[in-house]
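In: Next one to model:
(chains A, B and C)
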Amino acid sequence: MTHLTLGQQLLDSCAALLLLLSFAMLSQRRVVTLVNLYAVQGAVLTAATLLLAWRTGEGHLYLSAALTLGLKVAFLPWLLHRLIRRLGVYWDTEPLLNVSGTMLVGLVIVVFAFALAQPITLLASTATRSAVGIAVSVVLLAFLMMITRRKAMSQVVGFLSMENGVFFGAMSASYGMPMVVELGVALDVLVGVLVLGVFFFQIRERFESLDLHHLEALKEHE
Amino acid sequence: MLLVGCVALLLGWTAIGLAGLLRPRSVVLSGRVLFPLGALLGFALAVLAGASLLGGGIERLVLPLGLPGLPAHLRLDPLSSAFLVLLGAASGGISLFAGGYFRAGEGAAPGLLCLQYHLFLASMGLVLLADDAYSFLVAWEAMALSSYFLVTTQHRLAEIRRAGFLYLLMAHVGAICLLLAFGVLQGGSGLFTFAAMRAAHLSPGWAAAAFLLALLGFGAKAGLVPLHVWLPEAHPAAPSPVSALMSGVMLKTAVYGVLRVGLDLLGHPVWWWGLAPLALGLLTIVYGALFAAVQTDMKRLLAYSSVENIGIAFTGVGLTMVFAGSGMPVVAALALLATLYHCLNHSFMKSLLFLGTGAVLHATGERNLGRLGGLMHRMPWVAWLTLVGTLAIAGLPPLNGFVSEWLLLQSFLFTDGLPHALVNLLIPMGAALVALGAALAGYVMVKFYGIIFLGQPREASLVHAHDCGWLERIGLLWLALGCVLLGLFPLQVIGALGAVTAELVGAVVPQASPHWWLLAPVPGRPVSYGPVVFLTATLAVVLMTVLIVRLTYRQRVRRAPAWDCGFGALTARMQDTAEGFGQPIRHIFQPFFEIERELPAPADRAPRYRIAIAERIWKLLYEPLVRAVERLANTVARVQQGRISVYLLYSFATLLVLLAVAMAS
Amino acid sequence: MSAIEWITQVLEVALALAAAPVFLGWLNQCRAWLQNRRAPSLWLPYRNLRKLFHKEAVIAENASPLFRIAPYVVFGAMALAAGIIPSMGTQLPLVVSADAIALVGLFAAARMFMTLAAMDVGTAFGTLGARREMMVGFLAEPALLMVIFVASMLSSSTALPVITRNLASGHLGLSPGLAFSAVAFVLVLLAENARIPVDNPATHLELTMIHEAMVLEYSARHLALIEWAAQLKLFNYVCIGFALFLPWGVARAQIGPLGLLVAIPALAAKLAAAGAGLALIETVSAKMRVMRIPEFLASAFLFAVLGLLVHVLLGA
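Out: As a prediction, the model looks like this:
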């Protein structure tokens, strides 16, 4: 093992934790736990942002850390928990692909993501080299989770986790997006979740269930 | 000098075989005299080859055999010697057992079997000694043919004829690949001696083609997935000593072939060649182990287990080539050691197990695991000796199976030093598959041993089972002893194999430890394994426990019926069947298997449960292939009209075309 | 190899033998507290063992010698394993002869003897337990091996003391690959020791039991040895966890009385914490259906493989 600085080690550990949490989400069937895992992912992201801010001295990173903390650790999980309680969806049904299969696909995705990130990591500054691959993996894994789940609730968490990956990627490749973009994205996510929340109630009223396979009935019958 | 001795021994085997024809129906002549004599020759061969291996020299011999102008070149180098030791030592035990095993009235006459058996041995020896493509291929074919006749000993059964046909077919597909490979290897020089091939300079493309062809050809013989389909059919069909010989020794000649072509004839390997045997080997490990776990026929189970073990050997070959091609000769030598060691181990373990099933088969007439059980009480010799093989093949320390797996895993640990991105990322995953395969092998072996030897007899007739005879016992004992000794003294074995690694990859694994009992082959790393101490410590702890318990325990031991949970009607049929024991694997790895199940309805008067598991590979690969060949044959068959005048017309047209060509040129 | 090293060696095994029942007692106590029950005595496992050693042994009529040998082999294997794992000191003479891979092999040997013995009498329960145990084993064993592999790659050695020494001397020991491995290891630990999400040590319900089904035919001294071996196994696994993920406090240099003074309290503290942690896990999780277990273990195996992957990706 090459001897890295303490900060680099911590950052790597944060990156690994993010990936670990992504896999934990992938293997989790309880929606409540899924939301909790999402909150923890947000917390790790906050820590990583703070760490990077401290190392680089970039002021706006502190701001985005605060934003992450407020939005992804506190507000959104709270909102989702409330939704779960109101809607009574605690469990997802059997996923389309069983957990082991999903994780195996996830493994392949990680390898693919790292192969993909290889040229970017060569270009990026050395401080956050290895993180890009993990960011891409987190995005793709969240995508995978959205594909394999049936309940709308899990898909929303997947969507949010995907945004986490994008955020981490931007942060590690170029020390964060411009503040305007970041705020915009945060707002987007917020509005997106709110709209989806309304959407859930509509779906449930219409089908008396949140299982998305009911939506298949919406296509035109020939 | 040693080479001449080896050739003389091979001739001796041939002579013994021919002597069997003197009185073909005599069991006493073949069984009590000729087979033990063959075993003696086997041991002598092992000793001679061992001497050559320790000497490390190379001997050559040209015999004026065969066609005029095409003498047979023979060569005894460390690689051949290593495999000759394997052949001699394993076949010695098998021949002893076979002496007691073959009886009158079973399939072919004993004298005929004796001939085929010893020709099989001699041809395997010649494969290992051959130094030109002609004699190699002749020996290779002789090996295939003699073993074909041995497989179809019970040729009155249609299923055995079918297995034999499949075997012959695959053997010849493989042989064609080898023929082409040698054609490429001679590199336009027109010389088919191995010496010429070593000297030939092939372009990278042709060299790769030669290697891949050789891999296909030898892979078909070794049972590398997806070319393994003949193996689970042919090995169980043969009489048990022959199964042992095929699994234990013949498969290794294929490993020998790949090593010979990949590391010797082609010279320095390109690193990515190794990826093919590596990937196929890993696939083979998991595939073989999974299918072994769901078998219900004890010999088929062992055949699939052989597939798995061949996978381990090929994984080792692949690693060797990757390391050797990447400029890491010492690590390559380590991987090569693992490969050779595993071949040696497997020849002992698998022969032992196959012979064990042979003894069971003779005693009970039953191959189906579902009709066996409780044989430990009736056949203690077979049971305890087989237990050694079972524990060894499950890779448990301090027996021999563990040593080669240990070496292989150690060489996997070096993959992060490879200079190729992505590949050095993927190869460690291979270690995970090897570990999974080893654990699955444990599963398979518990099933194999537990269902045959432990528990209660599942059929009433099993109480008449009898232990095997003394000649068979000696054979089993020798093989079991081999398993134990190979496990306890790896250092000495590795020291002897050093000449092979020096020959093939140009490096010797240094021995870092000053002690004779400590295996520390990994250069620059504080890693060691001492089986003797391990065994001593285990025995000491176990004996101390026994002693303390005996001394302090004051109560008596009472025998009572097994506890029936108050149910009162426990029968032997309530034990897990072979199907039941494999159920978790079947359930977890469902996509691998093609399962056909017949479940009883709730109201059935005579409920019947049946499950048949087939390989998907038949549907996915072989059936389309067969259809394509059939289509092609049908197209060609249009030429066939059945009328003489049309055939004459063909000849006439051919003649005209040829004449026209001759005129034009 | 000096005498003091051998003394440490023997001491370590002796300590493991003595501490394993207490550790189980402590785990049960923590569980009881967390579940608002009155806790059993810390010494209950000891009393159980004593009781068993004083009973008349009953052996099934058709049991073979293998059945009688197995408890001794299993117990011996676990005791030997305790001598290989650096729980207090890293200067262990036995370790030269058996590295981490041999340790996994030792566990596998114990498992194999246990399952064979379970199949020996030929009752429905015995074979059922054996099958389930092998089902757990064939996934848990490679997972454990992969966990060890990551640590071995970090330290360029498969000898546990070398790994421990290396990890303890690292700056922080925070390797990304090890995070995954740690998760995998906890899952393996739960599965291998018949703890709650996989097996319930306190049940005799045929639908769920694994370990208990296998030992159903044993009684008295044989059962005592097996139970003790199971406790040792738990203790050993926890100690492997310490060696790989919490290597602090282990006496590193030539161990003397002073080193032990640090090592024993450190080990006790870690054990107390681990016991409480395990009790917590067992309290908050529910027993899985048997057919869910492969999924659980496959996750463990894949996490371990991921750890290897992440290590190669980030660590190299």
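In: Only the buried residues of the top helix by length along chain B, if you could.
Out: The longest helix of chain B (DSSP state H) is helix B:329-364. By neighbour count with 16 or more other C-beta atoms under 10 Å in any protein chain shown, helix B:329-364 contains the buried residues B:329-364. Heads up, the C-betas are built off the backbone N, CA and C, glycines and all.
In: Tell me who's in contact with the residue in chain B positioned nearest to chain A.
Out: Closest residue of chain B to chain A, C-beta to the nearest C-beta: residue B:422 (5.8 Å). Going by C-beta atoms under 8 Å, 6 or more residues apart in numbering or on different chains, residue B:422 touches A:111, A:115.
In: Residue of the stretch 151-300 of chain C nearest chain A, please.
Out: At 3.1 Å from chain A, residue C:176 is the closest residue in the stretch 151-300 of chain C, using C-beta to the nearest C-beta.
In: how many neighbours does that residue have?
Out: 25 (other C-beta atoms under 10 Å in any protein chain shown).
In: Am I right that it is in contact with residue A:16?
Out: Yes. Counting by C-beta atoms under 8 Å, residue C:176 does reach residue A:16; the two are 3.1 Å apart.
In: what's the closest non-adjacent residue to residue C:79?
Out: residue B:541 (5.1 Å; C-beta to C-beta, 6 or more residues apart in numbering or on different chains).
In: State whether that neighbour is indeed within a helix.
Out: Yes. Assessed with DSSP: H, G, I helix; E, B strand; the rest coil, residue B:541 lies in a helix.
In: Contact partners for it?
Out: With contact taken as C-beta under 8 Å, 6+ apart, residue B:541 is in contact with C:76, C:79-80.
In: taking these one by one, which sit in helices?
Out: Filtering those for helices - DSSP H - leaves C:76, C:79-80.
In: How confident was the prediction at the residue of the stretch 151-300 of chain C closest to chain A?
Out: Looking at residue C:176, its pLDDT is 76.
In: For it, which residues are in contact?
Out: Contacts of residue C:176 by C-beta under 8 Å, 6+ apart are A:12-13, A:15-16, C:310-311, C:314-315.
In: got those as a markdown table, with neighbour count and secondary structure columns?
Out: Output for the contacts of residue C:176, formatted as a markdown table (neighbours: other C-beta atoms under 10 Å in any protein chain shown; DSSP: H, G, I helix; E, B strand; the rest coil):
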| residue | neighbour count | secondary structure |
| --- | --- | --- |
| A:12 | 25 | helix |
| A:13 | 22 | helix |
| A:15 | 28 | helix |
| A:16 | 28 | helix |
| C:310 | 29 | helix |
| C:311 | 26 | helix |
| C:314 | 22 | helix |
| C:315 | 21 | helix |
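In: out of those residues, who's near chain B?
Out: Among the contacts of residue C:176, no residue lies close to chain B (C-beta under 8 Å from any C-beta of the partner chain).
In: I'd assumed residue B:393 was in contact with residue B:305.
Out: Yes. With contact defined as C-beta under 8 Å, residue B:305 and residue B:393 form a contacting pair (6.9 Å).
In: Overlap of the contact sets of these two?
Out: In contact with both residue B:305 and residue B:393: B:350, B:353, B:441, B:445, using C-beta under 8 Å, 6+ apart.
In: Show the overlap between those residues and what lies near chain C.
Out: Near chain C, by the rule C-beta under 8 Å from any C-beta, you find residue B:445 out of the shared contacts of residue B:305 and residue B:393.
In: Throw the shared contacts of residue B:305 and residue B:393 into TSV and include pLDDT, thanks.
Out: Compiled in TSV, the shared contacts of residue B:305 and residue B:393 are given as follows (pLDDT from 0 to 100):
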residue	pLDDT
B:350	92
B:353	94
B:441	93
B:445	93
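In: ok, the ones in helices among the contacts of residue B:541 vs residue B:383, which is closest?
Out: Nearest to residue B:383, judged by C-beta to C-beta, of these is residue C:76 at 21.8 Å.
In: can you tell me if the helix or strand hosting residue A:165 touches chain C.
Out: According to DSSP states H and E, residue A:165 maps onto helix A:152-174. No. Applying C-beta under 8 Å from any C-beta, one finds helix A:152-174 out of contact with chain C, separated by at least 12.3 Å.
In: how about the helices in chain A?
Out: Going by DSSP H, chain A shows helices at A:6-26, A:31-56, A:59-68, A:76-87, A:99-123, A:131-148, A:152-174, A:179-207.
In: closest to residue B:508 out of those helices?
Out: Comparing the helices of chain A by C-beta to C-beta, helix A:99-123 comes nearest, at 35.2 Å.
In: so how far is residue A:19 from the residue of the stretch 151-300 of chain C closest to chain A?
Out: As judged by C-beta to C-beta, to the nearest Å, residue C:176 and residue A:19 stand 8 Å apart.
In: Quick check: neighbours shared by the two?
Out: residue C:310.
In: State the mean pLDDT of stretch B:228-244.
Out: Stretch B:228-244 comes out at a mean pLDDT of 88.
In: same thing with stretch B:473-488?
Out: On average, the pLDDT along stretch B:473-488 is 91.
In: which of the residues in it are buried?
Out: B:473-480, B:482-484, B:486-488.
In: swap in stretch C:44-63?
Out: Under the neighbour-count criterion of 16+ other C-beta under 10 Å, stretch C:44-63 has C:44-46, C:48-49, C:52-53, C:57-60, C:62-63 buried.
In: From one end of it to the other, what's the distance?
Out: Stretch C:44-63 has an end-to-end distance of 30 Å (criterion: C-alpha to C-alpha, to the nearest Å).
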